[in-house]
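Undergrad: I'd like to go over a predicted model; first the sequence, then the structure.
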Amino acid sequence: MAFNSGPKVNEIALSNPGARHILEDAGIDYCCGGGKSLEDACLHANVPAEEILRRLRQNSDQVVPGETPWTSAPLADLTKHIREHHHQYVREAIPRLRALLAKVRGKHVSNHVELGEIETLFGDVAREMLMHMQKEEQILFPFIDSLERAASEGGAVEPPFFQTVRNPIYSMMKEHDSAGELMRQIRAASGGYKAPADACTSYQAAYQGLQEFENDLHLHVHLENNILFPRAVDLEGAAL
Ligand SMILES: [Fe+2]
Ligand SMILES: [Fe+2]
């Protein structure tokens with residue numbers, strides 16, 4: 001793919017996993033804010049667009065081993081991958097990070113008042129994500145899987161109570177924006193997850209864990225917003 005400042009960030013992220021890693025490293029939002037041009041996204045992330053463009057050009061043929069081409073793989077494999085990797089990761093990380101943040105806040109809040117805010121924000125994102133994933137697993141993903149089965153078998157799907165797949169997708173995307181914004185606030189409150197000089201090992205582990213949580217959220221939302229959801233809308237459109 002030829003990169004210039006024209007394509008949208010989500011299109012660049014879709015072009016190959018190497019491009020996505022470059023965007024992630026530069027702090028460029030390619031999932032919730034993926035509809036922006038590269039130039040606008042660089043401006044937003046306060047990084048030089050020319051430098052990002054140069055890195056993207058250098059790495060445009062790079063393929064990360066082991067990554068599945070989700071733009072063409074069966075949707076049932078993609079929903080399974082999201083459930084088993086990203087949803088599972090979120091469910092494991094939440095109690096671990098909550099316990100770590102409570103411990104660190106208890107010990108260090110007198111010198112670092114931002115720890116109280118970070119703990120509250122993480123509590124919000126945790127609560128939202130747990131409910132969000134349940135809705136995807138119980139309502140949206142089974143419907144997408146049934147659309148794909150019907151398409152391959154030439155059958156029909158029961159009309160869903162939500163009328164069209166666009167409705168739950170719209171809700172899920174709004175919730176992605178909210179979770180992304182909460183993590184952005186956590187990143188800002190923690191100074192970009194930089195532990196202070198007096199941070200103990202738990203403090204460092206908590207910030208590292210939050211950074212991992214945000215990175216995973218970006219990839220998770222990218223797979224849904226930029227690949228799964230548009231493919232589901234196309235599939236439903238073809239079935240009508
Ligand atoms: Fe999800
Ligand atoms: Fe989601």
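TA: Alright, I've got the coordinates. Ligands and ions are numbered 1, 2, ... in the order given.

Undergrad: For stretch 224-234, buried residues please.
TA: Residues 224-229, 231-233 are the ones in stretch 224-234 that count as buried (16 or more other CB atoms under 10 Å). Placement of C-beta: from N, CA and C, glycine included.

Undergrad: Alongside ligand 2, which residues does the chain contribute?
TA: Neighbours of ligand 2 within the chain, by CB under 5 Å from the ion: 172, 224.

Undergrad: same thing but 8 Å
TA: Counting by CB under 8 Å from the ion, the residues of the chain close to ligand 2 are 82, 132-133, 136, 172, 175-176, 220-221, 224.

Undergrad: quick one, longest helix in this protein?
TA: As assigned by DSSP state H, the longest helix anywhere in the chain is helix 166-189.

Undergrad: export it as PDB, just CAs?
TA: The C-alpha coordinates for helix 166-189 follow below in PDB (Å, rounded to 0.1, in the frame of the first residue of the first chain):
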ATOM      1  CA  ARG A 166     -26.400  -1.600  12.600                       C
ATOM      2  CA  ASN A 167     -28.300  -0.900  15.900                       C
ATOM      3  CA  PRO A 168     -26.300  -2.900  18.300                       C
ATOM      4  CA  ILE A 169     -23.100  -2.000  16.400                       C
ATOM      5  CA  TYR A 170     -23.900   1.700  16.900                       C
ATOM      6  CA  SER A 171     -24.300   1.100  20.700                       C
ATOM      7  CA  MET A 172     -21.100  -1.000  20.900                       C
ATOM      8  CA  MET A 173     -19.100   1.700  19.000                       C
ATOM      9  CA  LYS A 174     -20.400   4.400  21.400                       C
ATOM     10  CA  GLU A 175     -19.300   2.200  24.300                       C
ATOM     11  CA  HIS A 176     -15.900   1.700  22.700                       C
ATOM     12  CA  ASP A 177     -15.600   5.500  22.500                       C
ATOM     13  CA  SER A 178     -16.400   5.800  26.200                       C
ATOM     14  CA  ALA A 179     -13.900   3.100  27.300                       C
ATOM     15  CA  GLY A 180     -11.200   4.700  25.000                       C
ATOM     16  CA  GLU A 181     -11.800   8.100  26.600                       C
ATOM     17  CA  LEU A 182     -11.600   6.700  30.100                       C
ATOM     18  CA  MET A 183      -8.200   5.000  29.300                       C
ATOM     19  CA  ARG A 184      -7.100   8.300  27.700                       C
ATOM     20  CA  GLN A 185      -7.900  10.100  31.000                       C
ATOM     21  CA  ILE A 186      -6.000   7.400  32.900                       C
ATOM     22  CA  ARG A 187      -3.000   7.800  30.600                       C
ATOM     23  CA  ALA A 188      -3.100  11.600  31.100                       C
ATOM     24  CA  ALA A 189      -3.400  11.300  34.900                       C
END
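
Undergrad: which other residues reach it?
TA: Outside helix 166-189, the residues that touch it by CB atoms under 8 Å, 6 or more residues apart in numbering are 29, 31-33, 114, 117-118, 121-122, 124-125, 128-129, 132, 135-136, 139-140, 143, 162, 193, 210, 213-214, 217-218, 221, 224-225, 229, 232-233, 236.
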